[in-house]
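> sequence first, then the predicted structure, then my questions.
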Amino acid sequence: MSTSNRASKSNSRAPQRKKPPFLQRSKSRKPPVNQRPLKPTLPPKQVKVVLFNKPFDVLCQFTDDQNRKTLADFIDIKDVYAAGRLDRDSEGLLLLTNCGKLQNKLTAPKKSTYKTYWVQVEGIPSNDNLDALRNGVELKDGPTLPAKVEVITEPDIWPRNPPIRERKNIPTTWLSISITEGRNRQVRRMTAHIGHPTLRLIRAQIGSYSLGNLKNGEYKVV
């Protein structure tokens, strides 16, 4: 092919079209490496903190497609969400807030926030059993961190509906157990591991927030 033919063929090609500005990539739009966008911090006056004494058989959510009892049956405050969960068959303190920073402080494992539970167990744990809980026990998902465990007198609390199932001629013991972890049904699995199943579990405190005199099924804004 002659030089003139190559030139004419090259000149016959259609010119390339430039992309519209909104399709062009901009280097300035690239997010910084390993940096998440920061959420705006709520002004103190806009932070909502709700303490709720959750009854037995209530879900820690506001909706349910099976018509079970939820938080919506008790709490009429909008835009608050539970900081951590409390099992349906557990009772006591549930904290709700609209502040992500507070939620993280109370639930993130690295924050090591203590949660205290009043636990009624079957039988009378020995000192060795209690020391095992204090030092950490081996569960299927790994060893637990050391816990604060003490035998306590029965708390002055509301009757559960329905009542717990107690076996005749077998005593029960109330324990105060404080942990910083939040694994699924952790306290129940811990007491089962030492041979003393949990019969009733009530959360009494989360960090500096406590149940106090809050009646079962009621909430207060703090």
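Nice, thanks for sending it over.
> does Ser178 lie in a helix or a strand, and which?
Using DSSP states H and E, the element containing Ser178 is strand 172-179.
> what's that strand in contact with?
Contacts of strand 172-179 with the rest of the structure, by CB atoms under 8 Å, 6 or more residues apart in numbering, involve 114-125, 130, 133, 144-145, 147-155, 166, 186-187, 190-191, 196, 199, 204-205. For the C-beta atoms, the positions are set from N, CA and C on the backbone; glycine is no exception.
> mind listing which of the residues you listed are in strands?
Cross-referencing the contacts of strand 172-179 with the strands (criterion: DSSP state E) gives 115-122, 148-152, 199, 204-205 as the overlap.
> so in terms of bridging, what pairs with the closest residue to Arg167 other than its chain neighbours?
When the adjacent residues along the chain are set aside, Arg167 lies closest to Glu122, with 7.2 Å between them (CB to CB, 6 or more residues apart in numbering). Beta-bridge pairing of Glu122 under DSSP bridges involves Thr172.
> same deal with Glu150?
Beta bridges link Glu150 to Ser176, judged by DSSP bridges.
> residues contacting the closest residue to Val47 other than its chain neighbours?
Setting aside the residues directly before and after it, Val47 is nearest to Cys99 in space (CB to CB, 6+ apart), at 4.6 Å. Listed by CB under 8 Å, 6+ apart, the contact set of Cys99 reads 42, 47-49.
> if anything else comes up later, I'll come back, but that's it for now.
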